[in-house]
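Enquirer: only the shape, not the letters, is given here:
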């Protein structure tokens, strides 16, 4: 009996000592949390609980600390173990999905979010997060998740904007308009929602609405997208002077494009200002042509030349010059006529045009010297 008593006392003593060893200094831990020293907090918990603990609360606490400290590897380790102990714990699944999202493992993140959906089919947050994991608006799953999220919380502005963009992509502009309207009614001062609605309202020919809303937004500050939408609304309501003023403002902001210049041209035409209509028609053409086209033709011509297709190379180089007086094209033509077509007069002409086109003296130093030398040689031969 004495031996049994001593064994019992010894066992109780061991349990007390073990409990004291595992005792967490709550004040210390709270201080670490308050000062955002999460890495230290994680290590402190690890020292007390041990890495092999199967205490669910301890595992999630350590996972949380390392997650907040940015140590995704350690955080995932503890959350995975916690998940193995309790597989249907929503916070654990959310954190595992978040960790994998941060690490770029989107497929794994989607799997964890999928598990959450199985447990809670009405979880708005998870549908919103899932939708954000599909970058293309053309992705059918993105549309599915946005529709589910919007159905659950139709007043969420972020989801409304994203869903409206998807609807607009599929030409469902009426649906896009309605989705944004619901969200705007819930948050009438949400400028992001108001801006998103303008191009859709324009498409639906709600021009007066675009003008009223757009002008109100422009009083807050200049915004190129808003200016463009309001300018178009003025154009379609035949208020060409006002449209021109806004389109010109875009030019001052260097935010014009082929489309806005085209509308500016039309405005001047309807205003009978044919001189400015011609100016903007030229600007529209220039804006519509990529500045890289001459380089593309130079590359095409070189490909033809290397394949011994000299007539096609000649045509490609000259086609490139139609778009811009590119020094490279002049040089390639000079070389072609000089070395392949053996037409010295034309070669000399293109060498001169090359030098007049102001090639870069540093980058094109060797080509410039060669062109000058060939002209001198040709001049000597003709004397």
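Expert: Here it is on my side, so go on. On a predicted model such as this, the values are computed, not experimentally measured, just so you know. Numbers count the residues shown, from 1 in each chain.

Enquirer: how many residues are close by residue 90?
Expert: Burial measure for residue 90: 13 neighbouring residues, criterion other Cβ atoms under 10 Å. Quick note: C-beta positions are derived from backbone N, CA and C, even for glycine.

Enquirer: can you check the one 3 residues further on too?
Expert: Counted with other Cβ under 10 Å, residues neighbouring residue 93 total 24.

Enquirer: again, but for residue 287
Expert: 16.

Enquirer: check which element follows the helix or strand that it is a member of along the chain.
Expert: In this structure, residue 287 is located in helix 274-288 according to DSSP states H and E. On the C-terminal side of helix 274-288, the closest following helix or strand by DSSP H and E is helix 293-306.

Enquirer: which other helices and strands contact the following helix or strand past that next one?
Expert: Sequence order places helix 310-323 as the next helix or strand after helix 293-306, per DSSP H and E. Counting contacts by 3 or more Cβ pairs under 8 Å, 6 or more residues apart in numbering; DSSP states H and E, helix 310-323 is packed against helix 293-306, helix 327-335.

Enquirer: in the chain, which ranges drop under the pLDDT threshold?
Expert: Across the chain, residues meeting the criterion (pLDDT under 70) sit at 1-23, 383.

Enquirer: quick one, domains of it?
Expert: Dividing the chain into domains by automatic domain parsing, as the record does, gives the ranges 26-121, 293-382.

Enquirer: closest to residue 162 out of those?
Expert: Set against residue 162 and scored by Cβ to Cβ, the domains of the chain come closest in domain 26-121, at 16.5 Å.

Enquirer: now the end-to-end length of that closest one.
Expert: The first and final residues of domain 26-121 sit 37 Å from each other (Cα to Cα, to the nearest Å).

Enquirer: list the buried residues of stretch 95-102.
Expert: The neighbour-count check on stretch 95-102 (16 or more other Cβ atoms under 10 Å) flags 95, 96, 97, 98, 99, 100, 101 as buried.

Enquirer: now swap in stretch 233-250 and tell me
Expert: 233-235, 239-240, 242-244, 246-250.

Enquirer: want to throw those into JSON lines with secondary structure?
Expert: Putting the buried residues of stretch 233-250 into JSON lines (DSSP: H, G, I helix; E, B strand; the rest coil) gives the following:
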{"residue": "233", "secondary structure": "helix"}
{"residue": "234", "secondary structure": "helix"}
{"residue": "235", "secondary structure": "helix"}
{"residue": "239", "secondary structure": "coil"}
{"residue": "240", "secondary structure": "helix"}
{"residue": "242", "secondary structure": "helix"}
{"residue": "243", "secondary structure": "helix"}
{"residue": "244", "secondary structure": "helix"}
{"residue": "246", "secondary structure": "helix"}
{"residue": "247", "secondary structure": "helix"}
{"residue": "248", "secondary structure": "helix"}
{"residue": "249", "secondary structure": "helix"}
{"residue": "250", "secondary structure": "helix"}
